[in-house]
Each structure stands twice: as structure tokens, then as C-alpha cells.
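# sequence and predicted structure are below.
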Amino acid sequence: MGTLGTILRHPDDFYPLLKLKMAVKHAEKQIPPEPHWGFCYTMLHKVSRSFGLVIQQLGTDLRNAVCIFYLVLRALDTVEDDTSIPTDVKVPILIAFHRHIYDREWHFSCGTKEYKVLMDQFHHVSTAFLELGKSYQEAIEDITKRMGAGMAKFICKEVETIDDYDEYCHYVAGLVGLGLSKLFHASGKEDLASDDLSNSMGLFLQKTNIIRDYLEDINEIPKSRMFWPREIWSKYVNKLEDMKYEENSVKAVQCLNDMVTNALLHAEDCLKYMSDLQDLAIFRFSAIPQIMAIGTLALCYNNIEVFRGVVKMRRGLTAKVIDRTSTMADVYGAFFDFSCMLKSKVNKNDPNATKTLSRLVAIQKTCRESGLLNKRKSYIITSNSRFNSSMIIIFFILTIIFAYLSAYRPNNQ
């Protein structure tokens, strides 16, 4: 629920946080009783709680397909991410992974924590996969095959140019966008989106993650993982790892801003993709991560903390996004508000200031021309708070009293 201090600073976070906590408990109660499906949904909530929440609203067949699609690709990603696996072992597994999903007995021990559990008990995922409809299976197999081949290619190749960067992001995330579009279409609820728009949906999320995770990736043991393209970072430092050192702070932030500006290229495609969606559940499933992405970019831009620790949206703001995203007006509003926040942080002396401002103006223009901004729900402005600080304190006191009374209530009552 977050600390009391955080909620007092942002009192309108309280109600969305409360709803989010209730939604988490509800989702946990909806885990299917069959052992293999129970494992899959339990694992889904462990490896991605926010994704697990938004997936719950999808219809049963599509929800199951998306759950398995996510876990298959998460397992594939676990193999790629494990830097302790020798290349001559890793590459064949990546290339053949699309065949392993048909094998109820296959597993491969790698990764750590919940990811190791996923890999050790992957037979549950395969068993569930084999119960999906054929059109869902074919879409998942196709994307897994293409992604595994792309990952294998970049095991032996550095991300040198911006073209390399876009290609890598296509393999690890753009293909996810294509796959989801195929699953949406297979469900009969959506027209098949274009590959270009689907690809941009994945690239926008992936590039945001790569920017945010700089420090974690560069400090990876036993070997650093480097995804920022040399074509960008070499303009500012001699080595990518140099940006984490304090003496390079100015250049590091300039490079960071360059990376954010590159990611913004995909925003307008994402808005177009989402505006074409027809099913409400699929719309929310698609829109919530995209709003989180532009919000994260706004936080990361011009922020030296990216090179010092973890920069992410506070949980209360995440809860607001989940609670208040239900129409395209909300999406346009969020993209407009976060682009305004980002725009306010642009330093005119930054080498890419003109380019950054140009991309932000284009995003804002698209949002304005939708004619829906006046119908948006705000994620940032807190003047319409549902609760004030005094009411928050009262709620906390009542919650504590209720918890105390519940704990000591006699069993026969």
C-alpha cells in the first residue's frame, strides 16, 4: 500500500491503491484449480503482478492464451538473460525453444528465484499450451520461433547502430506486439493490426525498459548486458559503463536524453494502434502498459538517478493508471499530461533539445486533434482529490482498529 508519508503527500493515491489491493486479492482467488493452470497463473502473478492484473479482465480463452504466451516468452527471455550459460549451450536452446513448448517433459534449469521455478517446472506451461485452441497455438509457436532466432543472433552480436537497436528490440518486444495482435484477432474480437503498428507497441515498452534498467544491466554478474546502441552512447563517453561514474554525470544525462528522444519516435504509432481497438478489455490490457511507459520516460528524462539506482513510477500513480484508464480519452490525456511533464524538463542547452521538443509537440498535437482531451481523467494533477490528508489518517486508524478487532474476534461468532 505504500508508506503513510507517501500517501499523505499524494492523498488522491489512497482510493486507487485500496482498489488495487482488493483487485490483487480478487485475482489470487481466481487462480484455476487444475495443477498446471494453477501453476501458470500463480507464476504469472509472481513474475509480473501488474501484467497479471490487467490480463485478468480478458475473456477466459484469450486470457489463457495470453497467460501462456507471456510465460513462454518469459522462459525464453530467462534463457537469454542468464549470462552464466555458455554460448554454445544457449544458442541451440533459443533456436529450438518453439519446439520445446510441445514437449510436456522438457525443462531446463537456469535463472534465479521465481524464474528458476518457472524453468524447472516448465512442463506445466507446456501442458497448458497444449490445451489452447489451434489458432492460439500457431500464433505462439510462430512468435516464439522468430524471437528465439533473433535472440540467438544477438548473443553473438553487439548493438552497434540504431538500426541494430531497433532490430534487437523488434526480436525481443516488437514480436510480442505482433503476437498479441494475432491472439486478439484469433479471439474474434479485433481486426488484425498492421505489423508496423504492432511492432511500435513493443518497441515503445522495450526501449523504456532498456533506458530505465541501465544500472541493473551494466552491473550484471558475471557479465554486463549492454543494449544502449554504440551509435548513441559513443557521442558522449568512451565506454558505456563510464556513465555510471559521477565525473561523467553531465554527459550521461545528455546520452540518457538522447535515448528517451529515440523512444518517443514510437508514441504516435502506439496512439494509432490503441485508437483502433474495439474490445474494452483488450483496450485496457494494451493501454495501461503504454501509459506506464510514457510516464516512466517522463521520470527518467534528465534524471541522473537512472545511473544511481531504480527510477520508476510510484505505486500510487500506477494504481491511478490502472483505475482510471477506460477510454481513448484517458489515453490521450495521459500521453498529453506526461509529455507536458517531460517538456518542462527539457534544457535548451541539451544537444537534442530541438529534436526532443519536436517529438513532444507532435505527440501533443495528435492528442489535441483527437478532440477528446476535455474528457480525460487526470493522472498527475491532484486538485480533484477524493480524500484529503485528514481523511486518510482517519482511514488508517479505522483500518488498524478493524484489523485488531478481527484478530481477536472469538471463533464462535
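Looks like it came in fine. Numbers count the residues shown, from 1 in each chain.

# quick one, domains of this structure?
Domain assignment for the chain by automatic domain parsing gives 1-22+383-413, 23-314.

# need the ones you listed in a markdown table (columns: distance to S358).
From N, CA and C alone the C-beta is placed, and that goes for glycine too. Formatted as a markdown table, these follow (distance: least, CB to CB, whole Å):
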| stretch | distance to S358 |
| --- | --- |
| domain 1-22+383-413 | 30 |
| domain 23-314 | 9 |
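
# tell me the most buried of those?
Highest mean neighbour count of those: domain 23-314, a mean of 18 (counted as mean count of other CB atoms under 10 Å).

# I'd say L317 and G295 touch.
Yes: in this structure, L317 is within contact of G295 by CB atoms under 8 Å, at 6.9 Å.

# re the thing from before, possible to save the domains of the chain as a markdown table with distance to C340 and mean pLDDT?
Below are the domains of the chain laid out as a markdown table (distance: least, CB to CB, whole Å; pLDDT from 0 to 100):
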| stretch | distance to C340 | mean pLDDT |
| --- | --- | --- |
| domain 1-22+383-413 | 15 | 54 |
| domain 23-314 | 9 | 93 |
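
# for M328, find the nearest of those.
domain 23-314 (5.5 Å; CB to CB).

# give me the neighbour count for I322.
19 (other CB atoms under 10 Å).

# ok, the one 4 residues further on next?
Here the number of neighbours of S326 (other CB under 10 Å) works out to 13.

# gap between it and R376?
11 Å (CB to CB, to the nearest Å).

# what does I155 give?
43 Å.

# how about Y332?
6 Å.

# tell me the gap between the host helix or strand of K251 and the middle of its chain.
Taking DSSP states H and E as the definition, K251 sits inside helix 249-263. Here the centre of helix 249-263 is set off from its chain's centre by 21 Å, with CA atoms, centre = their mean, to the nearest Å.

# what's the very next helix or strand once past it packed up against?
Proceeding N to C from helix 249-263, the next assigned helix or strand is helix 267-275, under DSSP H and E. Applying 3 or more CB pairs under 8 Å, 6 or more residues apart in numbering; DSSP states H and E, one finds that helix 267-275 contacts helix 195-212, helix 280-300, helix 328-344, helix 353-369.

# now the ones you listed in TSV, with distance to V54?
Listed next are the helices and strands packed on helix 267-275 as TSV, based on distance: least, CB to CB, whole Å:
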stretch	distance to V54
helix 195-212	13
helix 280-300	5
helix 328-344	14
helix 353-369	22
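
# closest one to H36 among those helices?
Here helix 280-300 is closest among the helices and strands packed on helix 267-275 (CB to CB), at 22.9 Å.

# now the closest one against helix 249-263, angle please.
160 degrees (axes from the mean of the first three to the mean of the last three CA atoms, to 10 degrees).

# identify the residue spatially nearest to the residue nearest the centre of the chain, adjacent ones excluded.
With distances taken as CA atoms, centre = their mean, the residue of the chain nearest its centroid is P289 (5.3 Å). Nearest residue to P289, sequence neighbours excluded (CB to CB, 6 or more residues apart in numbering): L205, at 5.9 Å.
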